[in-house]
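In: What would the 3D arrangement of this be:
(chains A and B)
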Amino acid sequence: MGERKISRVTVEVTVNGRRQSAELEPRVTLADFLRVELGLTGTHLGCEHGVCGACTVLLDGRAVRSCIMLAVQATGHEVTTIEALANEGELHPLQQAFVDKHGLQCGFCTPGFIMAAAELLERDPDPSEQALLETLGGQVCRCTGYEAIIESVRDAAEKLRQRGVGPLGLLAAALEKKAAPSGNGGGE
Amino acid sequence: MKPPAFEYAAPASVAEAVALLDERGFDAKVLAGGQSLMALLNMRLARPELLVDIARVPGLDSIEISGGCLGVGAMVRQRSLEFFPGLADSHPLLLAGLRHVAHPQNRNQGTVCGSLAHADPAAELPALAVAAGAELVIEGPDGKRSESAEDFFITYLTTTLEPAELLVEARFPLLPEGSGWSVQEVTRRHGDFALAGAVVTMRIADARVADPHVVAFGVGAVPLRCTAAEQALAGAEPGPAAWKEAGALVSEAVEDPLDDVHASASQRRSVAGVMASRAMEEAAARA
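Out: Model (predicted):
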C-alpha cells in the first residue's frame, strides 16, 4: 500500500465531567482513546465493528458504539463511561440492579448493557416491553441469556422512579459534587 | 489500532468539503456518522487516504418541511429524524422504516444521507427513498444537481455520486392525503439487515387501489421498484386476492437475489413476495 504520512489531530473532549485533550492519530477510535489514553478500561471491546455493543458509551447522553467512532469525532462533546456511575463506592441503581437480579455472569458485556439502558431510562423512566427489548436487542450477552438482564433493567427503572430521578440526573448530581472544591481532597 | 492510517480533515463548509474531495478524488472518503464506514475501516476493507468529516459543517443537520417535502440534511442522525416532532403525522412511512434501521445505539450516530450514499441494498433507507420518490440534492465542483432516488442507486454500494460530490440533502415528498404505508421485513434479529423486505404505499379511492408504490429490498443489487406489481394493483379491488397476485409479481421481478448461509436465493425471492403482500394488506388498512 506504500508509505503513508502519519498525521495528528487534537482531540478535546469532556469525559465523565473532566476536560481531556490529546494529540492523536486520527485513526484512534473513541474506545481506544478511552481505554489506552485515559485508562478507562471499563469500556470493553468485543466485535469492533459495531454489532456486539460491549463498547457502548454515552455521547451527549446518547448511547453510541465507541469502537466505530473516532476519538476526534467526539471533540466538543461529552462522553460518559461506566466509570462515572458509581458514586464514592456506592453502586449506581443500574449497577446495583444487575447485582440484585443476577444480570451478569462474566460481566464482559455489562458496561455496554448498562450504558444503553441508562439512555433508555433517562428518556423514558417506564419503558414499554417493546422499547426495552429494542434497546437491549442492540447489545449481545453470551453468558446469562437475556431474561435476567431485562429483569435488572426493569428493577433499576422501578428504583429510579421511586427516587424520582433519571439515571443520568443522578450522575450529574454526583459529578457536580465531585467537581465541587472540598476540604478533604477526594482525588479522582 | 484497527483502522489503517489516514489523514483527517474537518471542513467548515460544503464548498471546502467538495474542494477537498475534488483534489483527492477516489483517495478521499466522506465521514458522516461512520456506522458503515468505520466498520469497513476496522476490517481494513476500505483504505482511504483522507477522511473528510462533514460533521463540523454548519447547517447540514437541519430537518424541515417545505414545498411538500421533508428535507433531511446530510448530517441528520437517523435518531434525530425518528424523534423529529410530529414525524408520526408528517411522514409515518419514514418513522416506521427508521425503527427497523439497526439498533438505537447505531441510529444515534448514523445519518440518513450516509445510509443512502453507502447504498447497501439490504438497508431500509434506500428502499424508503425509492418508495417515497425522494429527490437527492447533490453538490459538486460544478454546483448543485438533483436526482431521483430511483436513478441514484446503480448497484451494490454504488451510486451516481462522483468522487468529488457530496449528498447534501434528501427530500422525501410527504405522502398524499389518505395514503396508507407499510414496511415489512424478515431479519435474523430485529435491527439486522433484511434478508428480504418490502415497502408499500397506496391510497384507496372509490374502493379501488390508487397510486401504489411497491419496492422490495435485500433481494438484489439495488432497491427493486416493482412496476408490474404496481400496475396490477392500480385500480384493483383491495383484498387478499389482489395482494396475493401482486406479491407473486414481486417474487417474479426478483432476478438474482443473494444466496448465502442466511437464506437461499429462492427463499429470498419467495419471502420478498410474502413481505410485499403483507405490506399491501397493512398499507390498505391504513389508507
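In: Apart from its neighbours in sequence, what residue is nearest the residue in the stretch 1-150 of chain B that chain A sits nearest to?
Out: Using CB to the nearest CB, the single residue of the stretch 1-150 of chain B nearest to chain A is B:H103, 2.8 Å away. Yep, even glycine has a C-beta here, placed from its N, CA and C like the rest. Excluding the flanking residues, the one nearest B:H103 by CB to CB, 6 or more residues apart in numbering or on different chains is A:G138, at 2.8 Å.
In: Regarding that neighbour, what is its secondary structure?
Out: coil (DSSP: H, G, I helix; E, B strand; the rest coil).
In: What is the burial count for it?
Out: 25 (other CB atoms under 10 Å in any protein chain shown).
In: thought it was touching B:P104?
Out: Yes: using CB atoms under 8 Å, A:G138 is in contact with B:P104, at 6.1 Å.
In: lowest-confidence helix or strand of chain A?
Out: helix A:167-179 (a mean of 80; mean pLDDT, DSSP states H and E).
In: Who are the packing partners of that one?
Out: Other elements packing on helix A:167-179 under the criterion 3 or more CB pairs under 8 Å, 6 or more residues apart in numbering or on different chains; DSSP states H and E are helix A:93-100, helix A:110-123, helix A:147-163.
In: which residues are in contact with it?
Out: Here helix A:167-179 makes contact (CB atoms under 8 Å, 6 or more residues apart in numbering or on different chains) with A:16-17, A:58, A:61, A:80, A:84-85, A:87-88, A:92-94, A:117-118, A:121-122, A:156, A:160, A:163, A:165, A:186.
In: at 7 Å instead, please
Out: A:17, A:61, A:80, A:84-85, A:87, A:92, A:94, A:118, A:121-122, A:160, A:186 (CB atoms under 7 Å, 6 or more residues apart in numbering or on different chains).
In: now swap in stretch A:7-18 and tell me
Out: A:20-26, A:33-34, A:38, A:71-72, A:74-81, A:83-84, A:175, A:178-179, B:7-8.
In: How about the residues of the stretch 1-150 of chain B by chain A?
Out: B:1-3, B:5-8, B:34-35, B:38-39, B:42-43, B:47, B:49, B:51, B:53, B:55, B:79, B:103-106, B:108-109 (CB under 7 Å from any CB of the partner chain).
In: In strands, which of those fall?
Out: Mapping the residues of the stretch 1-150 of chain B next to chain A onto strands (DSSP state E) picks out B:E7, B:Y8, B:L51, B:D53.
In: Can you name the residues bridging to the second one?
Out: Assessed by DSSP bridges, B:Y8 has beta-bridge partners B:L51.
In: related to what we said a few turns ago, nearest to B:L224, of the helices and strands packed on helix A:167-179?
Out: helix A:110-123 (34.0 Å; CB to CB).
In: For the closest one, C-alpha coordinates in CSV please.
Out: Provided in CSV are the C-alpha atoms of helix A:110-123 (Å, rounded to 0.1, in the frame of the first residue of the first chain):
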residue,chain,number,x,y,z
THR,A,110,-22.3,-5.5,31.3
PRO,A,111,-20.9,-1.9,30.9
GLY,A,112,-22.4,-1.7,27.4
PHE,A,113,-25.8,-3.0,28.6
ILE,A,114,-25.8,-0.5,31.5
MET,A,115,-24.9,2.5,29.3
ALA,A,116,-27.5,1.5,26.7
ALA,A,117,-30.1,1.1,29.5
ALA,A,118,-29.1,4.5,31.0
GLU,A,119,-30.0,6.3,27.8
LEU,A,120,-33.3,4.5,27.6
LEU,A,121,-34.3,5.1,31.2
GLU,A,122,-33.3,8.7,31.1
ARG,A,123,-35.5,9.2,28.1
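In: And the average pLDDT for it is what?
Out: Averaged across helix A:110-123, pLDDT comes to 98.
In: okay if I get the helices and strands packed on helix A:167-179 as TSV plus distance to B:L224?
Out: Converted to TSV, the helices and strands packed on helix A:167-179 look like this (distance: least, CB to CB, whole Å):
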stretch	distance to B:L224
helix A:93-100	44
helix A:110-123	34
helix A:147-163	37
